[in-house]
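Asks: this one's sequence-less:
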């Protein structure tokens with residue numbers, strides 16, 4: 001059976017990934033190397049200052065193509081996170097509803113990225129890509145076909161704080177089908 005995440009695995013084979021969520025201040029730190037006190041991004045209303053040198057700006061200066069594709073309105077161009085990107089795409093409106101947020105998937109981001117890769121004028125040249133998906137956020141309610149494929153969990157809602165706490169404490173196994 002072919003992997004259901006083949007494209008993501010192919011991309012991930014040569015990419016740096018972060019498996020845990022990164023708060024706003026730390027996301028700005030990732031982009032600038034500055035502490036939250038120095039860069040000033042500490043709330044959703046904070047703006048990344050234009051004078052802060054960003055990682056994408058350094059990549060651009062070194063001759064890389066740069067692209068950012070994000071699903072999080074908190075990373076909109078208006079808050080400064082687009083600094084240094086040759087192309088920056090927010091996949092939904094800045095003031096998206098919960099329904100609009102739920103409609104944009106990681107696959108949408110990967111599709112946009114693949115389209116960007118195909119459209120590059122210098123296919124062999126280096127690039128820096130920042131892909132930010134909103135999945136998964138807890139509680140996550142998997143579709144029926146995934147529940148059938150990967151097994152029933154203790155509830156249909158995966159990722160509740162209680163369930164994540166049980167996993168962290170070793171009370172349930174990582175596949176959520178067996179008590180540890």
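Replies: Done, it's in. This one's a predicted model, so the numbers in the text were calculated from it and none came from an experiment.
Asks: so where do the helices sit in this protein?
Replies: Counting by DSSP state H, the chain has helices at residues 6-12, 24-32, 36-39, 55-61, 98-103, 106-119, 144-150, 161-168.
Asks: buried sites along the shortest one?
Replies: Meaning helix 36-39. Using 16 or more other CB atoms under 10 Å as the test for burial, helix 36-39 gives residue 39. From N, CA and C alone the C-beta is placed, and that goes for glycine too.
Asks: same check, this time on stretch 78-87
Replies: For stretch 78-87, burial by neighbour count (16+ other CB under 10 Å) applies to 79, 80, 81, 82, 83, 84, 85, 86.
Asks: as JSON lines, the residues you listed with pLDDT would be great.
Replies: Putting the buried residues of stretch 78-87 into JSON lines (pLDDT from 0 to 100) gives the following:
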{"residue": "79", "pLDDT": "82"}
{"residue": "80", "pLDDT": "86"}
{"residue": "81", "pLDDT": "88"}
{"residue": "82", "pLDDT": "92"}
{"residue": "83", "pLDDT": "93"}
{"residue": "84", "pLDDT": "93"}
{"residue": "85", "pLDDT": "95"}
{"residue": "86", "pLDDT": "95"}
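Asks: neighbours of residue 132, how many?
Replies: Other residues lying near residue 132 total 19 when counted by other CB atoms under 10 Å.
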